[in-house]
Structures are given as structure tokens and as C-alpha cells.
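Provided below are the primary sequence and the corresponding predicted coordinates.
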Amino acid sequence: MLKTKLILERLDREGRLLERRCQPAKSFTRSFIELLYISHAQIQAASPYSMTDIDLLPRDVDSQGAGRYAKHNLRIGASPGLSPTRCEPGIDSVGYSYRVKILGCDLGIEVGVGTTAVTPTDRRLEQRIGHGRRPPDGAPAVFESYTTGDDNNSAPIYGTDRWTASAFMPAESHRITSVRVKIWKAAGDTPGNVTVLIQGPDAADDPRPSGVTLASGTILEAAIPVDTPGDWVECTLATPVDLYAGHQYVIIVQALTGNSTNDVKWRTTDAPTYKRCSADTPSYFLYSMNAGVDWSTNPAYCFMFEDKGQSVGEFEYGGCELANILLTGLAPHDGEFTIRRYFTNHCGQAVTVNEAGMTAAGTRYTTGYAWPFLIAHDIVAPGVAVADGELLRATYVPQITV
Amino acid sequence: MDAKAKIKTKPELAVIKEEKIPHLLLPGEVGAVLELTVKNKQGKVTEHRIMRSKSFVRQFLEMLWLQAVPIEEDLLYELRDINNVLLPISESSWNFGCVAAAGELDVGIIVGTDSTPPDIDDYAIETLIDHDAAPPTAGRLAYSDQVIAVPASDATTSQFTITRDFVNASGGAITVNEIALYVKGFIMRWSDWFTFMLIRDVIGGGVAVPAGETLTVNYREQAVV
């Protein structure tokens, strides 16, 4: 039987131990069982197994590899912070290096502030503490935006024939609570209410929406400004969702009951300077003419938007390291190894850690992708308050007993 | 002479409905539940047991660790295979693989007759019950194809089930006392795979498989929150 200990230790600037918590981990989730299943069953790329990644997107994972190419399914060891960790998919991935890199802070041990009880189907921490030095936001702040260069152009939005989307990539993790878009309608037009959706991308190198909605909100028709140049309208998301630094997302705007003579128009610029988007398809302007089945891009334009939300504060993530395995002198159990990560609080305020977890890599052979999946999740009660300047050492120790 | 038992090459897929996931593990445990079912030629259940597996021996922890680090072929870590040979294993797409065809004895669920208690350092079944390729052969069981059902979960437990049938067409009763799970591990430099034992269980009192009957072994690997 395998049981796991979770140890959280708070250290001062000099590395002196201030507090130590040791608790049995509740821990391993369905994603861990799924990765084990994929390996046992030797799932091949022709019939992959669908898992849900930390962006709540479905991902096809397999256990196929060619020759001596590495296959990093179940990889937990990770680079520090935003440094990429290369997770090999079982083929020559040199030509797809951006697909197989998982940010260091997305792999291995992570910590957060959520307090909701763990379930087997948890796919992400409830509210992860991101990597960096940002203090907690006391009120919603603007994270990503494109608000300059309005060139008096607009894209029409109506029915199922005209959906539009703006791709963006947060530089800092946060919980998005609202979206502001610069829109307008012609006098007398009745496009109906506007729906705003937040979705993840279809693939690492393609900003086209995945079709999986992470959050949504509504702008009432009466709130849509009349005539050019339009104005900024804020759409509060019904259920805020965490967006992770370095991950790509899209804001989709729809006017589902509108038509070509009763439409909403989203202001654009034709000299975009917003550069945070996918590596391979740097387009922030997307549109669909068939209800989201197909999406087209136009890198010459960018929509006017703001992404607003709040951060719970950030820690600097060290690397996630795995110490050597031990199989003697451990009575009453028989074997163990250690997974450990340091988090440094330089955000200027105390942050209380209420949850911890681990992600591991799953990979796709055919197209050479790698994604992180949450394999362990624990609630820490009471929470561990990490003051500014202190370090948190989080350790998982899987132990087996025969 | 008894009519020959019909040998099914592939056991029924043990797809588990949510409400049927056996809950024998405690919160926080990762392990296996072992289910043993003996049926006669008419399909009637003559014995049925469900128990916690004693579970993982050191090779499970070692293989999990070298995938997690990951240990690549230029570094290597030695695992003991079923022939008691230390072999330099690295991470690979083959590791943990246990797809087993009928008659294969070097992968999948394996049965034996020894009742020595499991130990962390066990590396192979103690006394193998061989595959009966040409029944009737005394003391042998016919190993079926192995199937692995897709994962399922309920409010507390995630699992998948590995299933293998063992048909007794030997003409005499056979008592199974030990059950193990063998998987593949790959040596990149040699481009070859070898067999490692992950689990070994001893069944208290053994499970008797009368002549003409079939033992179905379900290993349900589970994680409980």
C-alpha cells in the first residue's frame, strides 16, 4: 500500500525553521490513476485516452514512443519559476520544442489558498498561488489589455455567422472577474444581449478557441453604447476562473440574437502591438462564420479589450526536485522517496497557504505535445501563513508498506 | 474424464459502474483491491472474495520514481527483474506496460502456489503455475488474454481494473496461493524490455480452482482521497 506524507515547513531568511506541519496526504487524484492506466494499457497514439489538464481542457494522452526517444509521462521533476521544463513525447521533438515545454511552476508541487475539500476529479488547485512577486490584489486590477490605437475600425458581431475572439496571454496568474470591451451598435439596432466567453486555446501553437468555456458573462443590450466611437463596457463573469501566466486564452464575444442589420461592433486597431500570444500563430484577432466550428485569424488587427481580476499574491517557485529513493531503515514502512519544492515570499505581504498539490506530465506522441495534470491535491488546515521574506518548503513523501 | 473446460481467450471487460467501486482502501491510500471469482462451466459463481492487496513491492516505487525524476538513459537506475538480475532501467514509454496475451507468463497477472508472506524485496512469484498450452496438463492453468478497463471514479475513489482468467482444464483441482502483477521495463541502450514484478499477494488459505472451473482475478488499482 502506498501512503503519502505532506510536510510544510516555514523558514526565515536565514533558513531557520519557524514552523513544521506534517499531515497524511489525502492526495492522489483520478489523473494519477489515469496516467498509470495509460502506461499499464500501453495506450497507443491511434486511440489516445482523453484527460483533463490544469486549464480544464481535454487532452489526448498516450504511451507510445519510438525507438530510444524519451517519454516523460508521470514526470514531476520541474524547473524553477517560469523556466520551461522539457517533457519528451516519445518522438523527435526538436521541431516542436514549444509544444513539449511546460513552465516550471506548472509542473511538480504547487500551493494555493483554496479551502474546498478535495475530490478525486479535481483537475487544478482551487486557487493557485502564482510564481512571482506580485502582492495580493485588494480589488480587481487590469492584467492584460489592449486599449490604445483605436483606428475607427470595428468588427461586426451577430447571430451564428459572426463570432469574434481576442487571444491573450497573461503575464501573471490571476482570477479573472470581468472583461471590458470597446463596443457599439448603430442607432436603432437591436442585436440583443452580448455574451462574453473565456475559453482556452485548441492547441499550444494555435489560438483558436477550444470550445470549452471556462467562464462567461452577459452585457445587456441596453448597456451597449450607441454609434461610434463606442465606449468601454464591463462584463462581469458569472463565475470567475483562474488564468495561469504563460497560458493562452481567448475572449469570445457573441450577439446570438442579432443579424447583419442588427449587430454589435467591436473596436479594433490595425497596427497591433500586443505581442503576448502563441509562438507559432501570433494572431489576436479571430472570427468564426459558422458558430465556432471554424475560426480564421487576421494578424493585422487587434481588438480593444481589458482582462480584469485579482491575484492572491505570488511566491517565487524553486525547482521541484526528487531525492533518491530509500528502501532500508524506514520501519514501519518499507520504501519512500521525497518530492520537494521551495517557495519564497517576496511579494511584500503575508500569504496563507491552505492547499497543496502536484502535477505530472502527460504527453501526446503523434503531434508532440505535453501538458500538466493534477495528480495530487490536499487541504492544509489550519493554513500556513508565510510572511514576506519567509520561505515555504513543501515536501511530499510517498511511502510503501507491504 | 470431465469434458474439457471451455477456454475463453479474453475475459469479460470489468467496466465498473460508479456504485460498484469496492471501498476497502482508506483515505490517502494508493493500492489495489484484489477480487477473486471462481465459476463453474455453467457460469455459476462457486467462490468469491474481495480483499485489500498487500500490494506494491519495491519495484513499483522504483519505477514510479524513475519516471517522475525522470531518470534518462545516460544516468540509469537498477531494478531487479523476475530472474533476480539487476538491470539498468531508465524512463520509457514501455515502463509499467502490462498488456498480456493468452499464455504469456512474463507480463500481466501471474498466479502461483507458494504461500510465503510478501516482502518488500520480492521480485518474482515464488512458485509459478505454468500456462496450460495443451490441456490437460496436471498442475497448470490456461492463462487468458488480459484486459484493462478504463478508469472510473466516484465521490472518493478512482480506479481501473486489470482482469485475467485462469481456466482449469488440467483434470484436477489446483489451489492458487499467490498472485502477482508483472510489467515491462525498458533498457534504452539495449532497445529491449524486461519483466519486473510490481505487486505480490498471498491468499490466506488459498483459492481452490476445481477441475473444469475458471478463476477470474481482478486487480483494481485505486487511489482514495
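Thanks, I have the structure now. What you see is a predicted model, and the numbers here were worked out from it, not measured in a lab.

List the contacts of whichever residue of chain B sits closest to chain A.
In chain B, the residue that lies nearest chain A is B:Ser93 (2.9 Å; CB to the nearest CB). Quick note: C-beta positions are derived from backbone N, CA and C, even for glycine. By CB atoms under 8 Å, 6 or more residues apart in numbering or on different chains, the residues touching B:Ser93 are A:Ser63, A:Gln64, A:Gly65, A:Lys71, A:Asn73, A:Gly90, A:Tyr365, B:Phe186.

Need the phi and psi values for the nearest residue to the second one once chain neighbours are set aside.
Distance criterion CB to CB, 6 or more residues apart in numbering or on different chains; nearest residue to A:Gln64, sequence neighbours excluded, is A:Tyr365 at 4.0 Å. Dihedral angles of A:Tyr365 (phi, psi; degrees, to the nearest 10) stand at phi -70, psi -50.

pretty sure A:Tyr365 is touching A:Ile91, no?
Yes: if you go by CB atoms under 8 Å, A:Tyr365 and A:Ile91 touch, sitting 5.8 Å apart.

Common neighbours of these two, please.
By CB under 8 Å, 6+ apart, the residues touching both A:Tyr365 and A:Ile91 are A:Gly65, A:Ala66.

hey, what's B:Ile50 bridged with?
Beta bridges link B:Ile50 to B:Glu35, judged by DSSP bridges.

hmm, I was thinking of A:Glu306
Under the criterion used (DSSP bridges), A:Glu306 bridges to A:Ser145, A:Arg180.

That one and chain B, how far apart?
Distance of A:Glu306 to chain B, given as CB to the nearest CB, to the nearest Å: 38 Å.

Quick check: pLDDT value at the residue of chain B closest to chain A.
pLDDT for B:Ser93: 93.

That one falls within a strand, correct?
No: secondary structure of B:Ser93 (DSSP: H, G, I helix; E, B strand; the rest coil): coil, not part of a strand.

Name the nearest residue to it, sequence neighbours excluded.
A:Gly65 (2.9 Å).

Give the buried residues for the helix or strand harbouring A:Met51.
A:Met51 belongs to strand A:49-52 when assigned by DSSP states H and E. Across strand A:49-52, burial judged by 16 or more other CB atoms under 10 Å in any protein chain shown covers A:Tyr49, A:Met51, A:Thr52.

same thing with stretch A:103-119?
Using 16+ other CB under 10 Å as the test for burial, stretch A:103-119 gives A:103-114, A:118-119.

try stretch A:56-64
Buried residues in stretch A:56-64, counted by 16+ other CB under 10 Å: A:Leu56, A:Leu57, A:Arg59, A:Asp60, A:Val61, A:Asp62, A:Ser63, A:Gln64.

And stretch A:86-100, by the same measure?
In terms of neighbour count (16+ other CB under 10 Å), stretch A:86-100 has its buried residues at A:Cys87, A:Glu88, A:Pro89, A:Gly90, A:Ile91, A:Ser93, A:Tyr96, A:Arg99, A:Val100.

So which residues make contact with that stretch?
For stretch A:86-100, the surrounding residues in contact (CB under 8 Å, 6+ apart) are A:64-66, A:69-72, A:75, A:101-102, A:107, A:203-205, A:279-280, A:361, A:363-365, A:367-370, B:93.

ok now it, how far from the chain's centre?
Here the centre of stretch A:86-100 is set off from its chain's centre by 20 Å, with CA atoms, centre = their mean, to the nearest Å.

quick one on the thing from earlier: among the buried residues of stretch A:103-119, which one sits closest to A:Tyr317?
Nearest to A:Tyr317, judged by CB to CB, of those is A:Cys105 at 4.4 Å.

Got phi/psi on the residue nearest to that closest one when sequence neighbours are not counted?
Of all residues not flanking A:Cys105 in the chain, A:His131 sits nearest, at 3.9 Å (CB to CB, 6+ apart). Here the main-chain torsion angles of A:His131 (degrees, to the nearest 10) amount to phi -90, psi 130.

Which residues are in contact with A:His131?
The contact partners of A:His131, by CB under 8 Å, 6+ apart, come to A:Gly81, A:Leu82, A:Gly104, A:Cys105, A:Ser173, A:Ala245, A:Glu314, A:Phe315, A:Glu316, A:Tyr317.

How about the contacts made by whichever residue of the stretch 201-350 of chain A sits closest to chain B?
Closest contact between the stretch 201-350 of chain A and chain B, by CB to the nearest CB, is at A:Asp334 (3.8 Å). A:Asp334 is in contact with A:Leu327, A:Gln399, A:Ile400, A:Thr401, A:Val402, B:Arg58, B:Ile120, counting by CB under 8 Å, 6+ apart.

ok, now with 6 Å
With contacts defined as CB atoms under 6 Å, 6 or more residues apart in numbering or on different chains, the neighbours of A:Asp334 are A:Ile400, A:Thr401, A:Val402, B:Ile120.

Selecting buried members of those in ChimeraX, what would you type?
With 16+ other CB under 10 Å as the criterion, this ChimeraX line picks the buried residues out of the contacts of A:Asp334:
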select /A:400,401,402 /B:120
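
related to what we said a few turns ago, okay, the contacts of A:His131 in a markdown table with secondary structure next?
Output for the contacts of A:His131, formatted as a markdown table (three-state DSSP):
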| residue | secondary structure |
| --- | --- |
| A:Gly81 | coil |
| A:Leu82 | coil |
| A:Gly104 | helix |
| A:Cys105 | helix |
| A:Ser173 | coil |
| A:Ala245 | coil |
| A:Glu314 | strand |
| A:Phe315 | strand |
| A:Glu316 | strand |
| A:Tyr317 | strand |
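
Isn't A:Thr121 up against A:Arg30?
Yes: using CB atoms under 6 Å, A:Thr121 is in contact with A:Arg30, at 5.3 Å.

Report the two of the buried residues of stretch A:103-119 separated the most.
A:Gly104 and A:Thr119 (26.8 Å).

For the contacts of A:His131, pick the one with the most neighbours.
Highest neighbour count within those, by other CB atoms under 10 Å in any protein chain shown: A:Cys105, with 33 neighbours.

Looking from chain B, tell me which residue of chain A is nearest.
Closest to chain B within chain A is A:Gly65: 2.9 Å, counting by CB to the nearest CB.

Show residues contacting stretch A:75-85.
Outside of stretch A:75-85, the residues within contact range by CB under 6 Å, 6+ apart are A:87, A:101-105, A:107-108, A:131, A:317-320, A:322, A:339, A:360-361, B:68-70.

Same check on stretch A:187-206?
Under the contact criterion CB under 6 Å, 6+ apart, stretch A:187-206 has outside partners A:55, A:57, A:99, A:179, A:185, A:207-210, A:212-221, A:226-227, A:235, A:248-250, A:252-255, A:257-258, A:262-264, A:278, A:280-281.

So which of the contacts of B:Ser93 sit within strands?
B:Phe186 (DSSP state E).

now the strands: where do they sit in the stretch 151-300 of chain A?
A:153-157, A:163-168, A:174-184, A:194-203, A:206-219, A:231-243, A:249-254, A:264-269, A:285-288, A:296-297 (DSSP state E, counting those that start in this stretch).

So for the residue lying closest to A:Ala271 once chain neighbours are set aside, what's the pLDDT?
Leaving aside its sequence neighbours, A:Ala271 sits nearest to A:Gly149 (CB to CB, 6+ apart; 5.6 Å). A:Gly149 carries a pLDDT value of 82.
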